[in-house]
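Undergrad: Structure, please.
(one chain, ligands or ions: 1)
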Amino acid sequence: MSTGFPDGPVPEVPPGYRVAGHRITGPIGAGGWGAVYAAVRRRDGAPAAVKILPAARLAPGQCRQASELARREAEFSARAEHPRLIRTFATAVLRDPGRPGLDGAVVLVMERAERSLADLLAEGRAVPPAEGARLLAEVCEGLAHMHRHGWVHGDLKPANVLLMADGSVRLADFGLTAELDGTHAYVPPLGTLDHVPPEWWSERSGVRGVALRPSADVWAFGVLAHQVFAGGTHPFPGAAARARALAAQSYARGRERLRLDERVPGEWRALVADCLAADRTARPADAAALAARLPASAPVRRPWRRRGALAVAVAAVGALVCAATVAVLPGSPDGTGPGRPRAVPSGTPSGSPSGTLPGALPADADVPAALREPIARAARRCPEPEVTPVLLAAMLKAESGFDPKAARPETGEYGIAMWTPAVFNAWAQDGDLDGRKDYMSPPDAIISMGSYVCWLAQQFKRRGLTDDLPGLLAAGYRTSDKSVAEARGVPERVRPHVAKVEQYLAEYSR
Ligand SMILES: Nc1ncnc2c1ncn2[C@@H]1O[C@H](COP(=O)(O)OP(=O)(O)OP(=O)(O)O)[C@@H](O)[C@H]1O
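TA: The predicted model follows:
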């Protein structure tokens, strides 16, 4: 359901109707502003989908909005070329004075998908977790490409995630897509109630429209991921979209807790929770950051090589967007720097009451007073019992000796948690709530570190690596989850570092 949507602008287009070199064969579905039809190319019968966005029947205000949406969609579609974005072959304006409902309509001729994620979810069957993970990874690829190029999708939802005949994903519906102007893009004040973030309701709509940020797409991704794993169930309760939107706002004001459906797999829960952080600055910053945190079980199927040379080149760039943040460990070509690619769990408290947290820091430990609260908070946010304040403190001491200005320029590591800046960006959290995410700020660095360590714990458990988990976590933080998984333990080259962490841990645990 869309907000601000006029009733019944959908044109009646009879089968056989000819438009832009194509023949309509039947309806596929209708949205708020137009309808999509199956069509075939007259020349050779190639399948296509034709979207018709009529403007003529609308009131002047609506007409302006409809034209604006059509203009955006046509403009973006013409520029977008990526295997995870639906391809638009042609755009045109219909001239048919004999049919006033269609005369002047904007037409987009697109590649035709088999069905949408909304159709899949409507079947009511649970999507198997591995399949869900793949679909979401592909959604993330498309979004990452858009964010990378300075666009915000603005209307990510199941109906706009299209599934091709081979099962691969394409994002569609770029009517609300907007180009970033600094940190924001501006779109008409429209959106889909179930997928707009809570801050959308309080954004003032100026002459340029509503401010939109990549974090709005990240929120929508969180909703979508929940729906995928929970058989279509929305993360917020309510029988109707408006009720769910109100529940989301109530959660954002701190009146309700986030309650994820138990069908959301363990390794996804923290990421979904973080996407749905009430504070937009606590969400992964954009889809590249999201991609860096996807659980390892989210494989990406290569899309068909069915496009031209340019498209294939763009596909390679697009794949790099996700792959680079997932697998490349900046500043650690030999694997000895802190890798920390991927997921950050948990915006949700673990449920342990503060102060009684297992592994709490003893009063006489040599941990600076100012660091104790962020360390405890970082541990509390993690549902894994092994990620304790004493472990995080021991790791910080081994990393930097608690020096907020620590620097190892030769490997590009900085700050109390020795983050590599480019990698920090994929994990960044605003621990001191100053509106910025800064690896030189101890609270930011520590909270982000806690998230990464939490995710490592989940990865190692999933792989059955549970012997001496604290040592593995210290090793994983210094290298990467992959290095530890490949070594099936602490890699040789980081043993001295891990021995230090274990020594501090023993001291703090006495
Ligand atoms: N290229 C395509 N191939 C196959 N189906 C498509 C294609 N594009 C859109 N659809 C389907 O057509 C239907 C209508 O799409 P449309 O974009 O007009 O509206 P919507 O996204 O459902 O709603 P709104 O535009 O109001 O947000 C949707 O079910 C969508 O999944």
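
Undergrad: From residue 506, how far out is the residue in the stretch 101-250 of the chain positioned nearest to the ligand?
TA: When distances are taken as Cβ to the nearest ligand atom, the stretch 101-250 of the chain reaches nearest to the ligand at residue 116, 3.3 Å away. No exception for glycine: its C-beta is placed from N, CA and C like everyone else's. With distances taken as Cβ to Cβ, to the nearest Å, residue 116 is found 55 Å from residue 506.

Undergrad: Spell out the residue ranges of the strands in the stretch 201-350 of the chain.
TA: With DSSP state E, counting those that start in this stretch, the ranges of strands along the stretch 201-350 of the chain come out as 210-212.

Undergrad: Pass me the low-pLDDT residue ranges in it, would you?
TA: Low-confidence segments of the stretch 201-350 of the chain (pLDDT under 70): 202-211, 297-350.

Undergrad: returning to what we had before: so what's the residue of the stretch 101-250 of the chain closest to the ligand bridging to?
TA: Applying DSSP bridges to residue 116 yields these beta-bridge partners: residue 162.

Undergrad: okay, now it: neighbour count?
TA: 22 (other Cβ atoms under 10 Å).

Undergrad: The residue of the stretch 401-510 of the chain found nearest the ligand sits in which helix or strand?
TA: Residue nearest to the ligand within the stretch 401-510 of the chain: residue 426 (30.0 Å; Cβ to the nearest ligand atom). Per DSSP states H and E: residue 426 is located in helix 421-427.

Undergrad: Residue 466 is in contact with residue 460, isn't it?
TA: Yes - in terms of Cβ atoms under 8 Å, residue 466 counts as a neighbour of residue 460; the distance is 6.9 Å.

Undergrad: who has more neighbours, those two?
TA: residue 460 (22 against 11).

Undergrad: which SS state does that one fall under?
TA: Using DSSP: H, G, I helix; E, B strand; the rest coil, the structure places residue 460 in helix.

Undergrad: OK, contacts around it?
TA: 466, 469, 472-473, 476, 481, 484-485 (Cβ atoms under 8 Å, 6 or more residues apart in numbering).

Undergrad: Please report which of the residues you listed has the highest neighbour count.
TA: residue 476 (30 neighbours).

Undergrad: so that one sits right up against residue 458, yeah?
TA: No - Residue 476 is beyond contact range of residue 458, at 11.1 Å (criterion: Cβ under 8 Å).

Undergrad: Could you identify the helix or strand that succeeds the strand ranked longest in the chain?
TA: In the chain, taking DSSP state E as the definition, the longest strand is strand 22-30. Once strand 22-30 ends, the next helix or strand along the chain (criterion: DSSP H and E) is strand 35-41.

Undergrad: Looking at that following strand now, give me its mean pLDDT.
TA: Average pLDDT, strand 35-41: 94.

Undergrad: Give the pairing partners of it; include direction for each.
TA: As defined by DSSP bridges, the strand partners of strand 35-41 come to strand 22-30 (antiparallel), strand 47-53 (antiparallel).

Undergrad: most packed of these?
TA: Most buried of these, by mean neighbour count (mean count of other Cβ atoms under 10 Å): strand 47-53, with a mean of 23.

Undergrad: sorry, back to before: I'd like the strands paired with strand 35-41 as TSV, with distance to residue 14 and mean pLDDT appended.
TA: Below are the strands paired with strand 35-41 laid out as TSV (distance: least, Cβ to Cβ, whole Å; pLDDT from 0 to 100):
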stretch	distance to residue 14	mean pLDDT
strand 22-30	7	92
strand 47-53	12	90
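
Undergrad: Make TSV out of those strands and add distance to the ligand.
TA: Putting the strands paired with strand 35-41 into TSV (distance: least, Cβ to the nearest ligand atom, whole Å) gives the following:
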stretch	distance to the ligand
strand 22-30	3
strand 47-53	3
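
Undergrad: Distance to residue 135 for these - can I get that in TSV?
TA: Listed next are the strands paired with strand 35-41 as TSV, based on distance: least, Cβ to Cβ, whole Å:
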stretch	distance to residue 135
strand 22-30	19
strand 47-53	20
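
Undergrad: now for these, which one comes closest to residue 246?
TA: Ranking the strands paired with strand 35-41 by proximity to residue 246 (Cβ to Cβ) places strand 22-30 first, at 26.3 Å.

Undergrad: and that closest one, C-alpha only, in CSV?
TA: Output of strand 22-30 as CSV, limited to C-alpha atoms (Å, rounded to 0.1, in the frame of the first residue of the first chain):
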residue,chain,number,x,y,z
HIS,A,22,5.4,-4.1,-28.5
ARG,A,23,2.1,-5.8,-28.3
ILE,A,24,0.3,-6.1,-24.9
THR,A,25,-0.7,-9.6,-24.1
GLY,A,26,-2.2,-9.3,-20.7
PRO,A,27,-2.0,-7.5,-17.3
ILE,A,28,0.7,-8.4,-14.7
GLY,A,29,-0.3,-6.0,-11.9
ALA,A,30,-1.1,-2.5,-10.9
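
Undergrad: What are the contacting residues of that strand?
TA: Counting by Cβ under 8 Å, 6+ apart, strand 22-30 makes contact with 10, 13-18, 35-42, 48-50, 109, 116, 159, all of which sit outside it.

Undergrad: Neighbours of residue 258, how many?
TA: Neighbours of residue 258 (other Cβ under 10 Å): 18.

Undergrad: One more: residue 468?
TA: Other residues close to residue 468 by other Cβ under 10 Å number 14.

Undergrad: now swap in residue 391 and tell me
TA: Count around residue 391 with other Cβ under 10 Å applied: 26.

Undergrad: now swap in residue 471 and tell me
TA: Number of residues near residue 471 (other Cβ under 10 Å) recorded here: 19.

Undergrad: Residue 12 too?
TA: So residue 12, with other Cβ under 10 Å, has 10 neighbours.

Undergrad: Could you measure from the spatially closest residue to residue 279 that is not a sequence neighbour over to residue 379?
TA: When the adjacent residues along the chain are set aside, residue 279 lies closest to residue 430, with 7.6 Å between them (Cβ to Cβ, 6 or more residues apart in numbering). For residue 430, the distance to residue 379 equals 18 Å [Cβ to Cβ].

Undergrad: again with residue 123
TA: Applying Cβ to Cβ to residue 123 and residue 379 gives a distance of 41 Å.

Undergrad: Please list all residues in contact with the closest residue to residue 440 other than its chain neighbours.
TA: Residue nearest to residue 440 in three dimensions, not counting chain neighbours: residue 415, with 4.7 Å by Cβ to Cβ, 6+ apart. Taking Cβ under 8 Å, 6+ apart as the contact definition, residue 415 lies against 400, 404-407, 439-442, 445.

Undergrad: Quick one: name the residues of the chain near the ligand.
TA: 2, 28-34, 36, 49, 51, 86, 110, 112-113, 116, 118, 155, 159-160, 162, 172-173, 192 (Cβ under 6 Å from any ligand atom).
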